[in-house]
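S.K.: quick one: sequence plus predicted model below, questions after.
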Amino acid sequence: MSVALRDWKSGRPHLHPRWRWVSAALFVFAALALLGQFLVYVHYSASLLRFPFDYDQGEGFELYDAVLHAQGQWPYQDSQVFPFYSSIYPPLFHLLVVPLIWIFGAQMWTGRLVSFIASLIAAGAIGWGVQRASGNKVIALLSGLTFLASNYTFHIGPLFRQHMTMVMFEALAIVALAQLDDPEPNDKALWSGLVFVLCAGYTKQLALATALAAFGFLFLRGPRRAVLTGVGLTLVAGGIFLWINLATEGWWYTSIIRANINAYDAGQAVSLYQQWASLHLVIATVAAARLVYEIYFTRLSAYAVWFAFAAANGALSGKFGAGEAYFVTATAAACVFSGVALARLWEWSRNKSGRWATAAALAIPLLYLAQTYLTLHLYTEGPIYEPVARALGVSGARGYYDSQGYTQLGPRPTRADHAAGTQIAELARAAPGPVFSEEAGFMFVAGKPVVTNAFPQLVMYQAGLFDPAQEIEMINRKAFGLVIFRAQFYPPPVLQAIGANYQPKREIWMNGFLYRLLEPRP
Amino acid sequence: MVQDVIIPPMLPETPLTKRQLGWLILAAGVMLSLAALGVDLIGAGAFAGLGPAQRQALGAGGLLMLFGASLLPLGHRPA
């Protein structure tokens, strides 16, 4: 029986029955609050599953990566020649989507569903890790739900992006490796942990920090085993890397490694650290306190090492193009590690004097309630949300409140957004020849080929890896029947060529963004 | 102590101690600091004197050394 449930049934010996009931009520309240946030997450995810266009810029290109894989082609190509496309992400997430593409075709919901399920599995892994480490099912449940209630998980979880699948593999890896501290560890935990590390790395490069954390933990427990498994995994990962690089004539290395070395802005990283710490203050503080305790007073656990590496990895968020997603791993690590810490505190306080027992019994659920409040986000319109938002005293633009403040992600696409997307896709369909679009989602609906991948082009241009001569030559010939801009993340010479050869045709708002459509000048 | 193998493994299978971890972190801090100072010797520094990235690296190296040193008194407890 769960430690917490047992305590409530049999009673904590030094806890007054009145405080026992207050504590139980607070735990129920915290669970209900987190469950409420989870339902908002499900609602948001369901809204995105029905939306066939890009909600977050780049989703359509990830769909195209999956389509290319489904056709047996690599998306790592020379982007200097038509269709000027290359992917800068590893293939595993897209390969997981491939079966759905084969069955249902190139649909935006396929990858969003995979990503949403990945977030649930990551939350399950967090809960399972806490439960295995402490035996406390209640705090395990709260820890998993706290991950799903994070603003960052909420924003990114149901997108057609590879990030959440990487976090899922990372969480599974660390939870598996943590089992090596069991009284009777088995090799299955080690090997499954290593396989998950490999999967995480081939989902997104950012998983390097978790790989280092995994081997750091193995090194603490036994340097020889860590070195041997590290060499083994490096050989396997390196072999796969070389194979793909040979198969793509070197474009894999160019796209995955060289194109991802971007300009760094320390101010951006500091700003994102501040935002993450303020939104996740409770779990980050508890995890940091537990880290100090484990460093100086007991053994470092797998979760401690993961939290330290994941939090440090947030420094990479200063890269050009990086954002809050770089802190989702740190959030997952903070959830599981703070959960273990609080579950241990709960157990420690069991046989303490009445004051300590009471303090722990009340503080732990209150901490989860405080954390839920810090990451509060919900819709503010509709028969259910409106009274709830009013009761909580919150309001926001576009019918959505987010404790993070302004955020591009979170509001549900409206009917007007659907209509706007359809209108843009119809204009693309009617345009002669290929369409130069900053978002690929319209192309799938319009039945047009995907041409260009804006952001990778820009970063590769900045790194001296992309010569836009051929693309500009086609623009000068007005070979594209229509140009669709959102953020204009193209190399400056490409934008100048478009400005010289194309004129405004229409401006359409969708999801809070102005899409500028341009047609060839006469 | 009697070894049950002819050639003992170069790397121990026993868990790392706090003191060993402290030495490793301290060494990492020293190496980071030396690397930060050494970039000028190979002409990689873009600034005259210490550049901002070098100062940050030196600061990080110093913190690592302090952190590593703080673990040394913890002795042979498992890390």
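M.R.: All right, it came through fine.
S.K.: now B:Q20, nearest residue through space, not along the chain?
M.R.: The spatial neighbour of B:Q20 that comes closest, neighbours along the chain excluded (CB to CB, 6 or more residues apart in numbering or on different chains), is B:A79 at 7.0 Å. In short, each C-beta sits where N, CA and C put it, glycine included.
S.K.: what of A:S115?
M.R.: Take A:S115 and drop its neighbours on the chain: the residue closest to it by CB to CB, 6+ apart is A:M164, 4.7 Å away.
S.K.: cool, and B:P15?
M.R.: Nearest in space to B:P15, with sequence neighbours left out and distances taken as CB to CB, 6+ apart, is B:P78 at 4.5 Å.
S.K.: for burial, what's the neighbour tally of that neighbour?
M.R.: Using other CB atoms under 10 Å in any protein chain shown as the criterion, B:P78 is surrounded by 15 other residues.
S.K.: what's the spacing between it and B:K18?
M.R.: Between B:P78 and B:K18 the distance is 8 Å, computed by CB to CB, to the nearest Å.
S.K.: B:Q20 reaches B:G75, doesn't it?
M.R.: No: between B:Q20 and B:G75 there is no contact under CB atoms under 8 Å: 10.2 Å.
S.K.: can you say which helix or strand has residue 27 in it?
M.R.: Defaulting to chain A. Counting by DSSP states H and E, the secondary-structure element that holds A:F27 is helix A:17-49.
S.K.: actually it's chain B I care about, not the one you picked
M.R.: With secondary structure defined by DSSP H and E, B:A27 is part of helix B:18-38.
S.K.: now do A:G216
M.R.: Secondary-structure assignment from DSSP H and E places A:G216 in helix A:208-221.
S.K.: show me the contact partners of that helix.
M.R.: With CB atoms under 8 Å, 6 or more residues apart in numbering or on different chains as the test, helix A:208-221 has contacts from A:170, A:173-174, A:177, A:180-181, A:190, A:193-194, A:197, A:200-201, A:225-227, A:229-230, A:233, A:299-302, A:305-306, A:308-310, A:312-313, A:329, B:15-16, B:21, B:78-79.
S.K.: in helices only, show me these.
M.R.: The helices in this structure, assigned by DSSP state H, contain A:170, A:173-174, A:177, A:190, A:193-194, A:197, A:200-201, A:225-227, A:229-230, A:233, A:302, A:305-306, A:308-310, A:312-313, A:329, B:21 from the contacts of helix A:208-221.
S.K.: what subset of these is buried?
M.R.: Buried residues within the ones in helices among the contacts of helix A:208-221, defined by neighbour count using 16 or more other CB atoms under 10 Å in any protein chain shown: A:170, A:173-174, A:177, A:190, A:193-194, A:197, A:200-201, A:226-227, A:229-230, A:233, A:302, A:305-306, A:308-310, A:313, A:329, B:21.
S.K.: output the set of residues of chain A in proximity to chain B.
M.R.: By the rule CB under 8 Å from any CB of the partner chain, the part of chain A lying against chain B is A:219-225, A:227, A:266, A:295-296, A:299-300.
S.K.: report the two of those separated the most.
M.R.: By the measure CB to CB, A:R224 and A:A266 form the most distant pair in those, at 38.4 Å.
S.K.: and these two? which has more neighbours close in?
M.R.: The residue with more neighbours, out of A:R224 and A:A266, is A:R224; 15 against 12, by other CB under 10 Å.
S.K.: residue contacts, A:W109?
M.R.: A:W109 makes contact with A:48-50, A:52 under the criterion CB under 8 Å, 6+ apart.
S.K.: wait, A:L514 touches A:R506, no?
M.R.: No: distance between A:L514 and A:R506: 10.7 Å, which falls outside the contact criterion (CB under 8 Å).
S.K.: what does the helix holding B:A27 contact?
M.R.: Counting contacts by CB under 8 Å, 6+ apart, the residues outside helix B:18-38 that touch it are A:220, B:16, B:54, B:57-58, B:60-72, B:74-79.
S.K.: okay, A:A4: pLDDT?
M.R.: The pLDDT attached to A:A4 in the predicted structure is 56.
S.K.: quick one: low-confidence ranges for chain B?
M.R.: When the per-residue scores of chain B are filtered using pLDDT under 70, the ranges that remain are B:1-12, B:43-48.
S.K.: tell me the SS of A:V451?
M.R.: For A:V451, the secondary-structure state derived from DSSP: H, G, I helix; E, B strand; the rest coil is coil.
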